[in-house]
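Could you look at this predicted model? Sequence included:
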Amino acid sequence: MSKSLRFGLIGCGRIAPHHARAIQGLPGAELTAVVDVIEERAYRFADDYGAEPHLDYQEMLRRPDIDVVSICTPSGMHAQMAIDAARAGKHIIVEKPMALSLADADAMIAEAKANHVKLCVAFQNRYNPPIQDLRAAVQAGKLGRRLLGNATVRWYRTQEYYNDGWHGTWAMDGGALMNQSIHHVDALVWLMGEPVESVFAYSATLAHEMEAEDTVVVALRFASGALGSIEATTITYPTDLEGSVTLLGERGSVKIGGVALNRKEMWKIEGELEREAEILSENQVDPLSVYGTSHPHVFNDFLAAIREDREPFVNGTEGRAALAVVLGVYESARTGQPVLINHRPG
């Protein structure tokens, strides 16, 4: 496949420019069409990025010149749009979370497979250099046996943020864990290198008027017996404080933080202790927002996966893993009981 791949982007909200710029900066890719139900926004976005505007995503899916669809809509719309795109023969990049239920996630994976298209979930922080470095250290056995893992998200969102009709609702979004913190859940599980076996959680809505939680605390048990914890909140007045992942092992302890999991905050590994100051000075540039700067890597890998007929780095099954943990947390918080995590698609 040598021709340029043509993209259609659905949803012209706050994350969409990151997708549009990534597409435009990638050789062999063209942003051909954009869709939004708000006419003014669709036409303005199309004008900004040199694409053709649509108000109906089904209309765009009928276009034979669209090869790939990028889904940037509210989370509750992801599954049906992805399924429709797969049935139309389009490859799919979908923003996190890929869906709001495991049944929908499994249906997305199944439809992509049945229609011979690729499905990718946008967990861009996996490509951040500090995350890549920690993953390499784990795989090389430098930390020894992983004993304890933690993800902490202490961010702030105003009440106005939740007054837009979909943020903080169960039908379209979820709360602080599903929306703001699923990137950190994904990073924690991926870096620990093993599935979460069970969770126990408390959640509450402490400082906002919204359906879902603005605060959750979680205890985790991994398959090996390692333990973990998650703290996620959007009540950290008046501004974001911390978004981090920490791993403690037999021979090393590492913490990755920064604006978007982009900064090494602690790197104490046996054999490298004397180099910690040097290591902490590498790749320490904070991005302008929590979206980070790694979306181009997601799109670059996805185009390569299409051309090479292989699975993308973060395929549907990978995206499902973090979703399963989040939904297990919600079930535990609702029932007051520990919950075993469902890792079996279907």
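Done, it's in.

ok, now which ones touch the residue nearest to residue 249 when sequence neighbours are not counted?
Nearest residue to residue 249 in three dimensions, chain neighbours excluded: residue 143, at 3.1 Å (CB to CB, 6 or more residues apart in numbering). Any C-beta I mention is one placed from the backbone N, CA and C, and that applies to glycine too. Counting by CB atoms under 8 Å, 6 or more residues apart in numbering, residue 143 touches 137, 247, 249-254, 269.

The same query, at a cut-off of 10 Å, please.
Going by CB atoms under 10 Å, 6 or more residues apart in numbering, residue 143 touches 134, 137, 191, 193, 247-254, 268-270.

do the same with residue 264
Residue 264 is in contact with 129-131, 133-134, 254-258, 276, 279-284, counting by CB under 10 Å, 6+ apart.

Make sure the residue nearest to residue 249 is indeed in a helix.
No: using DSSP: H, G, I helix; E, B strand; the rest coil, the assignment for residue 143 is coil, not a helix.

distance between the helix or strand hosting residue 247 and the chain's centre?
Using DSSP states H and E, residue 247 sits within strand 242-249. Strand 242-249 has its C-alpha centroid displaced from the chain centroid by 17 Å (CA atoms, centre = their mean, to the nearest Å).

Tell me which strands that strand pairs with, and in which orientation.
strand 146-154 (antiparallel), strand 252-257 (antiparallel) (DSSP bridges).

mind listing what's buried in it?
243-249 (16 or more other CB atoms under 10 Å).

Dump the C-alpha coordinates for that strand into CSV.
What follows is strand 242-249, C-alpha atoms only, in CSV (Å, rounded to 0.1, in the frame of the first residue of the first chain):
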residue,chain,number,x,y,z
GLU,A,242,0.0,15.6,40.3
GLY,A,243,-0.4,12.8,37.7
SER,A,244,2.1,10.0,38.4
VAL,A,245,2.9,6.3,38.2
THR,A,246,5.2,4.7,40.7
LEU,A,247,6.8,1.2,40.7
LEU,A,248,8.6,-0.3,43.6
GLY,A,249,10.6,-3.5,43.0
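
In contact with residue 93, which residues?
Counting by CB under 10 Å, 6+ apart, residue 93 has contacts 7, 9, 19, 22-23, 68-72, 82, 85, 118-122, 295, 298-299, 302, 312, 314.

Just the buried residues of these.
By 16+ other CB under 10 Å, the contacts of residue 93 give 7, 9, 19, 22-23, 68-72, 82, 85, 118-122, 295, 298-299, 302, 312, 314 as buried.

Please list the members of these that lie in helices.
With helices defined by DSSP state H, the entries of the buried ones among the contacts of residue 93 inside them are 19, 22-23, 82, 85, 295, 298-299, 302.

Which stretches in this protein count as strands?
In the chain, the segments counted as strands under DSSP state E are 5-10, 29-35, 52-54, 68-71, 91-95, 119-122, 146-154, 196-204, 215-222, 227-233, 242-249, 252-257, 263-269, 339-340.

List the buried residues for stretch 230-245?
Neighbour-count burial for stretch 230-245 [16+ other CB under 10 Å]: 230-236, 243-245.

For those residues, work out which two are farthest apart.
Greatest spacing in the buried residues of stretch 230-245, by CB to CB: 235 and 245 (20.4 Å).

Tell me which of the strands of the chain sits most buried.
strand 119-122 (a mean of 28; mean count of other CB atoms under 10 Å).

what sits against residue 303?
Contacts of residue 303 by CB under 10 Å, 6+ apart are 1, 4-5, 7, 23, 26-29, 67-68, 91, 118, 312.

7 Å instead, please
5, 26, 28-29 (CB atoms under 7 Å, 6 or more residues apart in numbering).

try residue 31
For residue 31, the contacting residues are 7, 9, 20, 23-24, 49, 51, by CB under 7 Å, 6+ apart.

lowest-pLDDT helix or strand in this protein?
helix 276-280 (a mean of 91; mean pLDDT, DSSP states H and E).

and for that one, what are the contacting residues?
So helix 276-280 is contacted by 264, 267-268, 272 (CB under 7 Å, 6+ apart).

now do 8 Å
264-268, 272.

These into a markdown table, with extra columns for pLDDT and distance to residue 288?
Converted to a markdown table, these look like this (pLDDT from 0 to 100; distance: CB to CB, whole Å):
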| residue | pLDDT | distance to residue 288 |
| --- | --- | --- |
| 264 | 95 | 19 |
| 265 | 95 | 19 |
| 266 | 96 | 24 |
| 267 | 97 | 24 |
| 268 | 98 | 29 |
| 272 | 94 | 31 |
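
which pair in those spans the largest distance?
265 and 272 (15.2 Å).

List the buried residues in stretch 176-186.
For stretch 176-186, by 16+ other CB under 10 Å, it's 176-186.

for stretch 202-211, same thing?
Under 16+ other CB under 10 Å, the buried positions of stretch 202-211 are 203, 205, 207-208, 210.

Quick test: name the residue nearest the centre of this structure.
The residue lying closest to the centre of the chain (CA atoms, centre = their mean) is residue 123, at 3.6 Å.

Which single one of the buried residues of stretch 176-186 is nearest to residue 223?
Looking across the buried residues of stretch 176-186 and measuring by CB to CB, the closest to residue 223 is residue 185, at 15.8 Å.

State whether that closest one and residue 325 are indeed in contact, as I suppose.
Yes: contact criterion CB atoms under 8 Å: residue 185 and residue 325 qualify, at 5.4 Å.

contacting residues around residue 256?
Counting by CB under 8 Å, 6+ apart, the residues that residue 256 touches are 128, 130-131, 134, 187, 244-246, 262-265.
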